[in-house]
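> Sequence and predicted structure below; questions after.
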2 protein chains.
Amino acid sequence: MNRIPFAEVQAALASVLCNLGFAPDRADTCARLFAETTRDGVYTHGINRFARFVVTIRNGRVIPDAEPEVTARLGAVERWDGHRGPGNLAALAAMERAIILGREHGVGCVALGNTNHWMRGGTYGWQAAEAGSIGICWTNTMPNLPPWGGAERVIGNNPLIIAVPRPGGPVVLDMAMSQFSYGALESYRKRGEMLPVDGGFDANGNLTRDPGAIEESWRPLPAGYWKGSGLAIVLDMIAAMMTLGHATCQIPSDPMLETGISQMFLALNPGAFGPVPEVEKIADAVVASLHNCPPPKPGGKVRYPGEQTRHIREENTRLGLPVEPEVWTEILAM
Amino acid sequence: MNRIPFAEVQAALASVLCNLGFAPDRADTCARLFAETTRDGVYTHGINRFARFVVTIRNGRVIPDAEPEVTARLGAVERWDGHRGPGNLAALAAMERAIILGREHGVGCVALGNTNHWMRGGTYGWQAAEAGSIGICWTNTMPNLPPWGGAERVIGNNPLIIAVPRPGGPVVLDMAMSQFSYGALESYRKRGEMLPVDGGFDANGNLTRDPGAIEESWRPLPAGYWKGSGLAIVLDMIAAMMTLGHATCQIPSDPMLETGISQMFLALNPGAFGPVPEVEKIADAVVASLHNCPPPKPGGKVRYPGEQTRHIREENTRLGLPVEPEVWTEILAM
């Protein structure tokens, strides 16, 4: 594993993007988001995902110079057309606007349709929380998950992000609606490990912890069985209805062809009613209650969502971003 | 099992509430919400829950004539103090106001603090969807669920409701953050059945489907393990921060003493940008994709959240509400 300084990674990715038709400032920002994702330890959606992103630029699914456009406004809500531009840039702009609307109106919402994969959803949660806002956002995806009671993939794993600002460090939940992603199943299988809990069905329709059996059946479990399935369904409906865009069932079911997806960005202003230092203490009280909870076995610890991110961020900033040599070689050759 | 006409149930409950100090119109509405909950098949939170509700009135936790008050406003958001009145009446008023704010601003939000248990959360989802709005609401609760990685109950099961209007019938997700409620565990145990999937830990810390073992360990599972645990944590933080009210860790941990809880009501206006018949078609397209999904075994069917409710509602309206004889006797004697 190489350790490459953040700035060097960002510059290398930006250089590739410039060659693909990105304006320099957009290349810089897009590259920064990929580098930050690896820096924060979400390795599946950072540098390791960059080559796939480049494929979708080259095959025309992601249009480098397309920028989102406001197509409708009412009070605290805007509808945007992403024009199939780079998904992370559009999502960053949408959350930025939702935060501003939230400051003005107490709550703000941007419904972004006709966009592309936003890569790490947590990015926009951290963005909101670091700006002092509560951020709630979600995306639909191509069909990649069987609903509860169904055998074929007709719903999306539709990641939901909920972020809470906190002086001692934001609390950021970033959860897809599948219990394990296909990437996670692959990682467990390659390490020869079983999943810690049931992750899907085997070919005989039995629940299993065997990652390979789930990859073969294409039947991973929704998180919480019927619960995650239901949540994926309603999140998809809302995103498509508010954007007047595509629902999961209308999105091409191939990762390289997936485009025209629908996303929602909500920002709540916890200081809507004037500066209240007590608000900041509330999240701390919840965190304290978690840290004081005894573990089932000595040595365990309850963590709040996103708690590990700051440690990983610090380490990867200090030591350099961990990059597989072959991934780095591939990027330098692009 | 008795079958009692809806109107007769409502009148009986309203009579009890009048005797406890409710004004007649408030008694009628409160009684209607209990009767509707049983009518819709949520038997744990309807008539069967009424005696417990009466206990919390008699012990002073629920103040019959307390009405919610707006304490702060900014644009599309209001902060309300529930003054510890009847939780279902306050929640109904809060969602009604959020719907109006949503019509004006595209999105509306009421943060209701210092309130009491809202009984069936789905009530306020149906309310929003039947008014043509997307409704999102949640409540915190007393500590009743161990977080992922912890052995003691320090988080709430914090039900989350997301409702989508649809001409062919609303889609209403009503999910608590535990995989099974204590009420569900009790029902399975009394029927001598195992749970369909793992529902918690036994005394040895192993995952189990045995409802009695989970009741003894007091360690039910969050839905989706770490995912439902994380979701419960952030929902609690947001509700407490926006209301400037209590987080789960500050709420008395006894069902009969639980009070001063925090709730959020959000309404999105899917017609914010003018009348768009296409919006209505989107939810139908998603429903069709679910109904067309083949089941793993012949005879199965994928259902959307709330799909069963309308059938149960029709049957219970036609035949009368199902009420255990001893429950009915107890109510008539109150």
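Yep, that arrived. What you are looking at is a predicted structure, and each value in this text was computed from that prediction instead of being measured.
> I'd like the next helix or strand past the helix or strand where A:Ile233 lies.
A:Ile233 is located in helix A:226-243, with elements delineated by DSSP states H and E. Sequence-wise, the next helix or strand downstream of helix A:226-243 (DSSP H and E) is strand A:261-268.
> what is the orientation angle of the next helix or strand after that following strand with strand B:261-268?
Toward the C-terminal end, the helix or strand that comes next after strand A:261-268 (DSSP H and E) is helix A:277-291. Orientation check (axes from the mean of the first three to the mean of the last three CA atoms, to 10 degrees): helix A:277-291 against strand B:261-268 gives 110 degrees.
> Show residues contacting the very next helix or strand once past helix A:277-291.
Downstream of helix A:277-291, the first helix or strand assigned by DSSP H and E is helix A:307-319. In this structure, residues lying in contact with helix A:307-319 by CB atoms under 8 Å, 6 or more residues apart in numbering or on different chains are A:3, A:6, A:38-41, A:122, A:126, A:169, A:171-172, A:322. In this view, the C-beta of every residue, glycine as well, is placed from N, C-alpha and C.
> Stretch A:287-297 too?
Counting by CB under 8 Å, 6+ apart, residues outside stretch A:287-297 touching it are A:166, A:168, A:171, A:301-304, B:143, B:146-147, B:149-152, B:154-155, B:201, B:205, B:219, B:233, B:247-249.
> Show me which of the residues you listed are buried.
A:166, A:171, A:302-304, B:143, B:146-147, B:149-152, B:154-155, B:201, B:219, B:233, B:247-249 (16 or more other CB atoms under 10 Å in any protein chain shown).
> Report how many residues lie close to A:Lys190.
Neighbour count for A:Lys190, taken as other CB atoms under 10 Å in any protein chain shown: 10.
> check contacts around it.
Residues near A:Lys190 by CB under 8 Å, 6+ apart: none.
> Backbone dihedrals for it, please?
Torsion angles at A:Lys190 (phi, psi; degrees, to the nearest 10) stand at phi -70, psi -30.
> now do the one 10 residues further on
Reported as degrees, to the nearest 10, the phi and psi values for A:Gly200 are phi 170, psi -170.
> Now it: closest residue in space, sequence neighbours ignored.
A:Ile214 (3.5 Å; CB to CB, 6 or more residues apart in numbering or on different chains).
> Can you tell me the centre-most residue of chain A?
The residue lying closest to the centre of chain A (CA atoms, centre = their mean) is A:Gly121, at 1.8 Å.
> Looks like that residue contacts A:Ile162 (just checking).
No: with contact defined as CB atoms under 8 Å, A:Gly121 does not reach A:Ile162; the gap is 10.2 Å.
> Just the C-alphas of the helix holding A:Ile233, formatted as PDB.
What follows is helix A:226-243 as a C-alpha-only set of coordinates in PDB (Å, rounded to 0.1, in the frame of the first residue of the first chain):
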ATOM      1  CA  TRP A 226     -38.900  -5.300   5.600                       C
ATOM      2  CA  LYS A 227     -37.900  -2.000   7.300                       C
ATOM      3  CA  GLY A 228     -35.000  -1.100   5.100                       C
ATOM      4  CA  SER A 229     -37.000  -2.300   2.100                       C
ATOM      5  CA  GLY A 230     -39.900   0.000   3.000                       C
ATOM      6  CA  LEU A 231     -37.600   2.900   3.600                       C
ATOM      7  CA  ALA A 232     -35.900   2.500   0.200                       C
ATOM      8  CA  ILE A 233     -39.300   2.500  -1.500                       C
ATOM      9  CA  VAL A 234     -40.600   5.700   0.100                       C
ATOM     10  CA  LEU A 235     -37.200   7.600  -0.300                       C
ATOM     11  CA  ASP A 236     -37.200   6.700  -4.000                       C
ATOM     12  CA  MET A 237     -40.800   7.900  -4.400                       C
ATOM     13  CA  ILE A 238     -40.200  11.200  -2.700                       C
ATOM     14  CA  ALA A 239     -37.000  11.900  -4.700                       C
ATOM     15  CA  ALA A 240     -38.600  11.100  -8.000                       C
ATOM     16  CA  MET A 241     -41.800  13.000  -7.200                       C
ATOM     17  CA  MET A 242     -40.100  16.200  -6.000                       C
ATOM     18  CA  THR A 243     -37.600  16.300  -8.900                       C
END
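> Tell me who's in contact with the residue nearest to A:Gly200.
So A:Ile214 contacts A:180, A:185, A:199-202, A:208, A:220 (CB under 8 Å, 6+ apart).
> Please apply the same query to A:Thr141.
A:117, A:156-159, A:248, A:251, A:258, A:261.
> same question, A:Cys249
A:143, A:154, B:285-286, B:288-289.
> Going by distance to B:Trp328, which of these wins?
Of all the contacts of A:Cys249, B:Val286 has the smallest distance to B:Trp328: 40.4 Å, by CB to CB.
> wouldn't the closest one be in contact with A:Ile251 here?
No: with contact defined as CB under 8 Å, B:Val286 does not count as touching A:Ile251 (11.7 Å).
> Which one of those two is surrounded by more residues?
B:Val286 (27 against 23).
> Tell me both backbone torsions, phi and psi, for A:Gly224.
Dihedral angles (degrees, to the nearest 10) for A:Gly224: phi 70, psi 20.
> I'd like to know how many residues surround the nearest residue to it once chain neighbours are set aside.
Nearest residue to A:Gly224 in three dimensions, chain neighbours excluded: B:Ala223, at 3.1 Å (CB to CB, 6+ apart). Applying other CB under 10 Å, we find 26 residues neighbouring B:Ala223.
> For B:Ala223, report the pLDDT, please.
As predicted, B:Ala223 sits at a pLDDT of 98.
> And it, how far from A:Asn140?
21 Å (CB to CB, to the nearest Å).
> One more: A:Arg52?
From A:Arg52 to A:Asn140 the distance is 19 Å (CB to CB).
> Over to A:Ala72?
Relative to A:Asn140, A:Ala72 is positioned 19 Å away (CB to CB).
> quick one on the thing from earlier: JSON lines please, covering the contacts of A:Thr141 and showing distance to A:Asp25 and pLDDT.
Rendered in JSON lines, the data for the contacts of A:Thr141 read as follows (distance: CB to CB, whole Å; pLDDT from 0 to 100):
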{"residue": "A:His117", "distance to A:Asp25": "21", "pLDDT": "98"}
{"residue": "A:Gly156", "distance to A:Asp25": "32", "pLDDT": "97"}
{"residue": "A:Asn157", "distance to A:Asp25": "32", "pLDDT": "97"}
{"residue": "A:Asn158", "distance to A:Asp25": "31", "pLDDT": "97"}
{"residue": "A:Pro159", "distance to A:Asp25": "27", "pLDDT": "97"}
{"residue": "A:Thr248", "distance to A:Asp25": "33", "pLDDT": "98"}
{"residue": "A:Ile251", "distance to A:Asp25": "30", "pLDDT": "97"}
{"residue": "A:Glu258", "distance to A:Asp25": "26", "pLDDT": "96"}
{"residue": "A:Ile261", "distance to A:Asp25": "24", "pLDDT": "98"}
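> Please identify, among the residues you listed, the one with the most neighbours.
A:Ile261 (32 neighbours).
> Okay, strands next: where are they in the stretch 51-200 of chain A?
Taking DSSP state E, counting those that start in this stretch as the test, the strands found in the stretch 51-200 of chain A are A:69-74, A:77-81, A:107-115, A:134-139, A:160-164, A:171-175, A:200-201.
> what's the last one in contact with?
Strand A:200-201 is touched from outside by A:179-180, A:185, A:207-208, A:213-214, A:217, A:219-221, B:296, with contacts defined as CB under 8 Å, 6+ apart.
> can you rerun that using 6 Å?
A:214, A:217, A:219-221 (CB atoms under 6 Å, 6 or more residues apart in numbering or on different chains).
> repeat for the fifth one
Contact with strand A:160-164 is made by A:121-122, A:125, A:128-129, A:134-138, A:170-175, A:283, B:234, B:237, as judged by CB under 6 Å, 6+ apart.
> how far off strand A:171-175 does it point, in degrees?
Going by the same axes, to 10 degrees, strand A:160-164 makes 180 degrees with strand A:171-175.
> Can you give the strand pairings for strand A:160-164, parallel or anti for each?
If you go by DSSP bridges, strand A:160-164 pairs up with strand A:134-139 (antiparallel), strand A:171-175 (antiparallel).
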